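Here's a sequence, model it:
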Amino acid sequence: MNYQVFGTIVWLGLASTAYAQTASEYSRSQAAIKKCDDMGKFESMECRDKLEERLKTRLNRLEVEYKKYLKESTSAFPGIDENLLKSFAEAQRLWYQFSVEDCSSSAGSFGGSGEGAATHTCMLERYAMRIRTLQFRIKNPK
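Numbering: from 1, shown residues only. As a prediction, the model looks like this:
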């Protein structure tokens, strides 16, 4: 058997397993968001706030873990790790800025009393997607 083909098959198997794990965590986040949305107004607000706190905490931990991964993976190349860390920090800032603006523009396009809840739900979904992306990057280095 061709070792390159075998290696690719093994890598794809490992990557698909890691993606399935991150996807299942993402699915749990989506279920939690839906659960919050199905509650009464005040319970829903409290539920979303607690979920946002958990997702932000998870995202912050993953940011630290990803920065550690970047430092370790570039330790043989002085100076590169600082550039990567700066690029990652800027990417995170831009991701957050984009998410806030995009959620505000899409949820706020019709106005009304549900606008705040729609914007909040959109941001929760963005946090969950970003968590999934960072988990996949950490588990599947290129």
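
residues in contact with Ala117?
37, 44-45, 48 (Cβ atoms under 8 Å, 6 or more residues apart in numbering). Yep, even glycine has a C-beta here, placed from its N, CA and C like the rest.

hmm, try it at 7 Å
With contacts defined as Cβ atoms under 7 Å, 6 or more residues apart in numbering, Ala117 is in contact with Ser44.

Tell me which helix or strand comes right after the helix or strand of the chain with the lowest mean pLDDT.
Here the helix or strand of the chain ranked lowest by mean pLDDT, DSSP states H and E is helix 3-37, holding a mean of 61. Once helix 3-37 ends, the next helix or strand along the chain (criterion: DSSP states H and E) is helix 41-73.

tell me what that next one is packed against?
helix 3-37, helix 80-107, helix 115-139 (3 or more Cβ pairs under 7 Å, 6 or more residues apart in numbering; DSSP states H and E).

In TSV, list these along with distance to Ser73.
Below are the helices and strands packed on helix 41-73 laid out as TSV (distance: least, Cβ to Cβ, whole Å):
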stretch	distance to Ser73
helix 3-37	16
helix 80-107	8
helix 115-139	10
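
Which among these is found nearest to Glu65?
Shortest distance between Glu65 and the helices and strands packed on helix 41-73, using Cβ to Cβ, is found for helix 115-139: 6.0 Å.

Run the chain-centre distance for that closest one.
Distance, stretch centre to chain centre, for helix 115-139: 5 Å (Cα atoms, centre = their mean, to the nearest Å).

Buried residues, it. List them.
117-128, 130-132, 134-138 (16 or more other Cβ atoms under 10 Å).

ok, now stretch 65-82?
66-67, 69-70, 74, 81.

avg pLDDT for it?
Mean pLDDT, computed over stretch 65-82, is 78.
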